[in-house]
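> Take a look and give me a structure for this.
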Amino acid sequence: MRTTLLLSAGLLLAGISPLRAKPLDITRDQEEEKSAELEQAEEEFQELQRKIERKEIPPIEFEFNKAVLKPQSKVALEMVADLMFRHTDLKLMVFGHTCDVGSDEYNLWLSQKRAQAVKSYLVQLGVMGEYIKAKGFGKRKPIAPNDCEENRKKNRRVEFIPTKRWWESVF
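So this is what the prediction gives:
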């Protein structure tokens, strides 16, 4: 029902009567093709993140206590942009994370700024900004216990989640 209302409102804004609009014909084959393409894109993003973790590609890092990308981070982001160019109907969620050093409020702010810096650089490379959402989680989603500097470094990260869904259904 909500989708129909949004679609009708969008058609009206575009000057098209919803009664005259043709329904979208999406076949099962097209849905399966889109699903297979998304799976391939997800695997490519996961492989990129594995290469970063294994240090085969420089990790995405920022200057201390800032949302300024270190120059070596741009290698991985150029690869992300390349994936976006090859999968043109893909959308990308960029999630920023921090370790537990600092207040909750500051880490949430910093992780959001860093996710936004990643998005900004991807846009500079030519990726359409409407296809990227940046969200900071601060220290709320650690992947390792914050009990030593090595684990804290693991928690200071940027994650990429590709999707083909409408943003309204994601956020």
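> For the rest of this, base every contact and every neighbour count on C-alpha atoms.
Fine.
> Mind giving me the packing neighbours of the biggest helix by length in the chain?
In the chain, ranked by residue count with DSSP state H as the criterion, the top helix is helix 28-53. Packing partners of helix 28-53 (3 or more CA pairs under 8 Å, 6 or more residues apart in numbering; DSSP states H and E): helix 73-86, strand 158-163.
> taking those together, which one is wrapped up most tightly?
With neighbours defined as mean count of other CA atoms under 10 Å, these peak in mean count at strand 158-163, which reaches a mean of 18.
> re the thing from before, identify whichever of the helices and strands packed on helix 28-53 lies nearest to Ser35.
Ranking those by proximity to Ser35 (CA to CA) places strand 158-163 first, at 10.1 Å.
> coming back round to it: the longest helix of the chain versus helix 73-86: what angle between them?
170 degrees (axes from the mean of the first three to the mean of the last three CA atoms, to 10 degrees).
> Can you pull out the low-pLDDT segments for the protein?
Where the chain drops to pLDDT under 70, the residues are 1-26, 30, 167-171.
> again, only this time at 80
For the chain, the stretches flagged by pLDDT under 80 are 1-35, 165-171.
> how near is Ile60 to Gly102?
Distance check for Ile60 against Gly102: by CA to CA, to the nearest Å, it reads 21 Å.
> between those two, which one's more packed in?
A direct count of neighbours by other CA atoms under 10 Å for Ile60 and Gly102 places Ile60 higher, at 21 against 12.
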